[in-house]
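Trainee: Below is the structure, and that's it, no one-letter string:
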DNA sequence: TTAATTATAGACCGATCGTCTAATTAATTG
DNA sequence: CAATTAATTAGACGATCGGTCTATAATTAA
């Protein structure tokens, strides 16, 4: 009776599975192209062909690496969430800077990104959230979870600001962190509409000055 | 030399326009269906066929009343903006109620609407704003103008609240009115994502309590 | 009636959508 | 080398899209 947990005593014939051999470059390229396209256009209107053309990969390869467009979208969102969480940590955990200033620094970085792409790209999570009614149901929980992660990072920063007496002692940091991201997505949308970072400035300034200690 | 302002001395030959003949206006039905569909799905992913099916109108009629989908979209947005402005006036100009309470009343009305449609429909202007990068350029100015109209209505209400000493004397009502709509759109988006009005409650409560006089 | 105009009806087109199957290429063993 | 197996590519496929088109029904003046 064979034990499946034992590795094969003799190597199998034929080409070995990929995992041991390749960094899977094509797949990563597709995801990067997907982030770019979906950040600009959302999920539903994004075409596979456009995503492929950006990186010169034929269509047949797409359905080798992803079993469906929906599956691909999840990989794109995961990649974006990972990238964004790292960016948040970079600024919000920077203890060489006062907590409130960290939030401003994050905002400035985001502003630069929006300008860099000429207001054509927004927040991927915001884009998909807006079209949630026509998205596969599998996206809802995922987007909710991402906002929770972001929210906790801001919450911790606000708590640090409170401990630092930068902000009023009576603010509810949990609620305020949720409020922050609610408004942030609106500000990104408006900035794209106006093709100006002014809404982002207005948003951050108003948000911060509504909580600073006097 | 004929004066264009003079009506035709003799009635024109042929079938007269429908408006003078029939109460059930096909064009209006198409627009109403368009509001429903675009409020749920946005512009790009909305199909003409789906809009027609809702009201049992054949495709041939669509391109009789509208010269293109883009043209139709403008009519839909105009209709929505008119409807929404009337709703805002209904609440924000109600001088039987203190100014800040008027804003809360508007918010409650909006909340009911979102619940009524089971979180499937959002704000048409917000939906189209999110996809502005892939929309015909003609939409950008139109959406911007609509936000300006809404903003002025809130601004006037905030000014009344200030005069009433409901809110702090040092608030910038213009900036705050813009800030209000920036965050509002984010709150609507999040409510649809969570399928809960909690984000709208959180948003309004936090906004109001950040400006009330102490 | 006939002429003129509005409105309905839906077939049709090229483009594009997501998906799938077959063929090719690459990697490994005997 | 040949055989075998997996990875990847290539493009066909049917469905659907927005948009156009021609035909015809409906309505009214002449």
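Mentor: Thanks, I have the structure now. The structure displayed is predicted, hence computed values, not measured ones.
Trainee: so where's chain A shaky on pLDDT?
Mentor: Filtered on pLDDT under 70, chain A yields the residue ranges A:1-24.
Trainee: Could you rerun that using 50?
Mentor: Residues of chain A meeting the criterion pLDDT under 50: A:1-10, A:19-23.
Trainee: Specify the helix with the largest residue count in it.
Mentor: For chain A, the helix with the greatest residue count under DSSP state H is helix A:138-163.
Trainee: After that helix, which helix or strand is next?
Mentor: helix A:173-194 (DSSP states H and E).
Trainee: Could you report the neighbour count for the closest residue to chain B within chain A?
Mentor: Distances between chain A and chain B by C-beta to the nearest C-beta are smallest at residue A:186, namely 3.1 Å. To be clear about C-beta, it is placed using only N, CA and C from the backbone, and glycine gets the same treatment. By the criterion of other C-beta atoms under 10 Å in any protein chain shown, residue A:186 has 28 neighbours.
Trainee: ok, and the closest non-adjacent residue to it?
Mentor: Closest residue to residue A:186 apart from its sequence neighbours, by C-beta to C-beta, 6 or more residues apart in numbering or on different chains: residue B:186 at 3.1 Å.
Trainee: repeat for residue A:149
Mentor: Leaving aside its chain neighbours, residue A:149 sits nearest to residue A:85 (6.1 Å; criterion: C-beta to C-beta, 6+ apart).
Trainee: which residues does that neighbour contact?
Mentor: A:149-150, A:153 (C-beta atoms under 8 Å, 6 or more residues apart in numbering or on different chains).
Trainee: would you list those in JSON lines and tack on neighbour count?
Mentor: What follows is the contacts of residue A:85, written out as JSON lines (neighbours: other C-beta atoms under 10 Å in any protein chain shown):
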{"residue": "A:149", "neighbour count": "12"}
{"residue": "A:150", "neighbour count": "21"}
{"residue": "A:153", "neighbour count": "20"}
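Trainee: Run a quick check on residue A:58 versus residue A:52, I expect a contact.
Mentor: Yes. With contacts counted by C-beta atoms under 8 Å, residue A:58 reaches residue A:52, the gap being 6.9 Å.
Trainee: what's the spacing between the residue nearest to residue A:149 and residue A:93?
Mentor: Distance, residue A:85 to residue A:93, using C-beta to C-beta, to the nearest Å: 11 Å.
Trainee: which residues does the residue nearest to residue A:66 when sequence neighbours are not counted contact?
Mentor: Distances taken as C-beta to C-beta, 6+ apart place residue A:72 nearest to residue A:66, at 4.0 Å, with adjacent residues excluded. By C-beta under 8 Å, 6+ apart, the residues touching residue A:72 are A:30-31, A:34, A:62, A:66.
Trainee: Between residue A:58 and residue A:52, point out the one with more neighbours.
Mentor: Legend: neighbour count by other C-beta under 10 Å for residue A:58 and residue A:52, higher for residue A:52 (18 against 8).
Trainee: For residue A:169, see how far away that one is.
Mentor: Following C-beta to C-beta, the distance that separates residue A:52 from residue A:169 is 55 Å.
Trainee: Mind listing residues that contact stretch A:171-187?
Mentor: Against stretch A:171-187 from outside (C-beta under 8 Å, 6+ apart): A:123, A:125-126, A:129, A:147, A:150-152, A:154-155, A:158-159, A:162, A:199-200, A:202-204, A:207, A:211, B:179, B:181-187, B:189-190, B:199, B:202-203, B:206.
Trainee: For residue A:120, which three-state class applies?
Mentor: Three-state assignment for residue A:120 (DSSP: H, G, I helix; E, B strand; the rest coil): coil.
Trainee: Run a quick neighbour tally on it.
Mentor: The number of residues packed near residue A:120 is 15, by other C-beta under 10 Å.
Trainee: If you tally nearby residues, what's the number for the residue nearest to it when sequence neighbours are not counted?
Mentor: Counting by C-beta to C-beta, 6+ apart, residue B:133 is the residue found nearest to residue A:120 once chain neighbours are left out, at 4.7 Å. Using other C-beta under 10 Å, residue B:133 has 19 other residues around it.
Trainee: The closest residue to residue A:65 other than its chain neighbours and DNA strand C, how far apart?
Mentor: Using C-beta to C-beta, 6+ apart and skipping residues adjacent in sequence, the residue nearest residue A:65 is residue A:27, 4.6 Å away. Relative to DNA strand C, residue A:27 is positioned 15 Å away (C-beta to the nearest atom of the strand, to the nearest Å).
Trainee: Can you verify residue A:27 is assigned to a helix?
Mentor: Yes. When three-state DSSP is applied, residue A:27 is found to be in a helix.
Trainee: Nice, that's everything, thank you.
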